[in-house]
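[1] One predicted model, sequence on top.
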Amino acid sequence: MAFDEILHHVGDSGRFQILRIAFFIIFSLLSSSHDIMENFTAATPAHHCNVKLLDYPRSEINITMNLTTEVLLKVSIPMGPNQKPEQCRRFRYTQWQFIDSNVSISNDTELETEPCLDGWTYDHSVFTSTIVTEWDLVCDFQSFKYYAQAFIMAGHVMSGFVCGIFSDRFGRKPTLVYSCLLYGILGSCCAFAPNFTLYCVLRTLLSASISNILLNSLILVLEETSSQWHSSIVTLNGLAFSVGQAMFGGFAYVLSDWHMLQLAVALPHFALFVVFCWGPESVRWLMATGKTEQAIKELQRIASINGKKDIAHNLTSENSSPKAFCLGGPCERHVSVSTDAVLVLVLYRQPYCSGFAI
């Protein structure tokens with residue numbers, strides 16, 4: 001009997017599958033934020049060069065004590081086309097003549113300027129802190145934040161090469177469990193990264209981990225569910241992902257500090273690690289690798305949850321062989337695995353084919 005027929009006996013659309021799909025959808029909601037997190041943690045707020053007259057007013061206190069911040073910016077930083085301070089240049093010398101409202105500042109581009117040698121001042125009204133404000137990724141360094149996104153994509157590509165190999169070699173469950181643990185640890189470390197280089201390295205590894213988690217969790221669901229529900233499950237996964245990303249914007253608005261936002265995404269994976277430890281392994285993978293006894297136990301578990309306790313009690317294997325199963329009664333009722341089923345199982349054992357087998 002092919003695996004799909006065996007699964008049909010223990011239940012391929014029952015309570016077990018509903019619970020697993022529901023948990024998978026919730027998990028997709030939680031994990032959908034990884035790829036779009038950079039939109040918030042790497043946001044670039046309004047900024048301008050640090051102005052000494054604002055930071056250290058004592059040096060010229062007699063002049064600055066009665067001047068507003070707007071005026072001090074006007075005499076220290078050239079104005080852009082939108083009449084807002086330039087973001088990357090400042091006057092080399094303070095232009096006190098601009099205090100007089102009758103003096104035109106239309107030709108301030110002819111005045112001598114210099115880069116922001118003393119750093120930048122950022123607008124924290126929307127984002128309390130981002131990696132841009134943390135490591136001054138603006139002006140000549142603004143391209144650096146796009147490197148972070150490139151490293152994230154590199155992590156996904158890297159995972160594509162190793163996910164199938166690990167999953168088929170060690171099992172869906174161990175790969176999923178340790179990927180959750182790894183994501184929780186690396187994500188927590190990433191929130192406290194002391195420099196941009198380490199941040200990029202950690203984000204790359206996080207991307208590889210989340211890809212392993214998403215792919216293996218989807219495979220676990222599909223391998224133990226009736227094939228007629230596969231397209232619906234994948235569609236629900238896409239919808240959950242979209243809803244999760246839409247909701248994440250409001251979540252990021254509440255947690256405007258990138259450290260806290262990174263932690264809020266990473267820490268739930270420790271809980272997922274514990275939950276997945278108690279979850280079942282893929283029966284299809286167990287059969288493909290000859291782990292018959294464990295496969296029987298998992299099938300009994302599925303049958304019991306699906307309310308088919310009579311089948312759960314009578315489900316046995318003959319001589320611990322993956323080619324024979326007894327679904328009740330004496331062994332003359334044993335069910336043998338067909339050649340077609342063996343071909344399917346061989347397909348699932350190939351690292352580079354398992355991703356296309358669904």
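    Thanks, I have the structure now. Numbers count the residues shown, from 1 in each chain.
[2] can you list the weak-confidence ranges in this structure?
    1-3, 54-66, 100-110, 312-358 (pLDDT under 70).
[3] ranges for the strands of it?
    Using DSSP state E, the strands of the chain run over 47-49, 89-91, 113-115, 120-122, 316-317, 324-326, 334-336.
[4] What is the third one packed up against?
    This means strand 113-115. Strand 113-115 is packed against strand 89-91, with contacts defined by 3 or more Cβ pairs under 8 Å, 6 or more residues apart in numbering; DSSP states H and E. Quick note: C-beta positions are derived from backbone N, CA and C, even for glycine.
[5] From the rest of the structure, what touches the strand it packs on?
    Outside strand 89-91, the residues that touch it by Cβ atoms under 8 Å, 6 or more residues apart in numbering are 48-49, 51, 75-78, 108, 111-116.
[6] out of those, which are buried?
    By neighbour count, with 16 or more other Cβ atoms under 10 Å, those hold 48-49, 51, 75-78, 108, 113, 116 as buried.
[7] Would you mind putting those residues into JSON lines with distance to residue 206 alongside?
    Putting those into JSON lines (distance: Cβ to Cβ, whole Å) gives the following:
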{"residue": "48", "distance to residue 206": "33"}
{"residue": "49", "distance to residue 206": "34"}
{"residue": "51", "distance to residue 206": "38"}
{"residue": "75", "distance to residue 206": "46"}
{"residue": "76", "distance to residue 206": "41"}
{"residue": "77", "distance to residue 206": "38"}
{"residue": "78", "distance to residue 206": "41"}
{"residue": "108", "distance to residue 206": "45"}
{"residue": "113", "distance to residue 206": "40"}
{"residue": "116", "distance to residue 206": "32"}
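[8] how much space between the residue nearest to residue 135 when sequence neighbours are not counted and residue 255?
    In this structure, residue 135 finds its nearest non-sequential neighbour in residue 196, 4.8 Å apart by Cβ to Cβ, 6 or more residues apart in numbering. Counting by Cβ to Cβ, to the nearest Å, the gap from residue 196 to residue 255 is 21 Å.
[9] Mark out where each domain of the chain begins and ends.
    17-43+142-280, 47-122, 286-351 (automatic domain parsing).
[10] Buried deepest among these, which one?
    Highest mean neighbour count of these: domain 17-43+142-280, a mean of 18 (counted as mean count of other Cβ atoms under 10 Å).
[11] Pull up the distance across that one, start to finish.
    12 Å (Cα to Cα, to the nearest Å).
[12] now do stretch 261-270
    End-to-end for stretch 261-270, by Cα to Cα: 16 Å.
[13] what are the ranges of the helices in the stretch 1-150 of the chain?
    With DSSP state H, counting those that start in this stretch, the ranges of helices along the stretch 1-150 of the chain come out as 3-10, 15-31, 38-41, 52-55, 61-64, 69-76, 131-135, 144-170.
[14] Kindly apply the preceding question to the stretch 201-350 of the chain instead.
    Using DSSP H, counting those that start in this stretch, helices in the stretch 201-350 of the chain cover 230-254, 258-266, 268-277, 283-288, 292-305, 309-314, 339-349.
[15] Including distance to residue 68, could those helices go into CSV?
    Formatted as CSV, the helices of the stretch 201-350 of the chain follow (distance: least, Cβ to Cβ, whole Å):
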stretch, distance to residue 68
helix 230-254, 30
helix 258-266, 31
helix 268-277, 46
helix 283-288, 69
helix 292-305, 70
helix 309-314, 78
helix 339-349, 71
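[16] coming back round to it: residue 11: which of the domains of the chain is closest?
    Closest to residue 11 of the domains of the chain, according to Cβ to Cβ: domain 286-351, at 3.2 Å.
[17] And the domains of the chain: which comes nearest residue 7?
    Comparing those by Cβ to Cβ, domain 17-43+142-280 comes nearest, at 6.6 Å.
[18] I'd like the distance between the residue nearest to residue 135 and residue 143.
    12 Å.
[19] Also residue 114?
    For residue 114, the distance to residue 143 (Cβ to Cβ) stands at 21 Å.
[20] For residue 93, which of the helices of the stretch 201-350 of the chain is the nearest?
    Nearest of the helices of the stretch 201-350 of the chain to residue 93, taken as Cβ to Cβ: helix 258-266 at 36.3 Å.
[21] circling back: just so I know, which of the domains of the chain lies nearest residue 129?
    domain 17-43+142-280 (4.7 Å).
[22] now that closest one, how far from the centre of its chain.
    Its chain's C-alpha centre and that of domain 17-43+142-280 lie 4 Å apart, by Cα atoms, centre = their mean, to the nearest Å.
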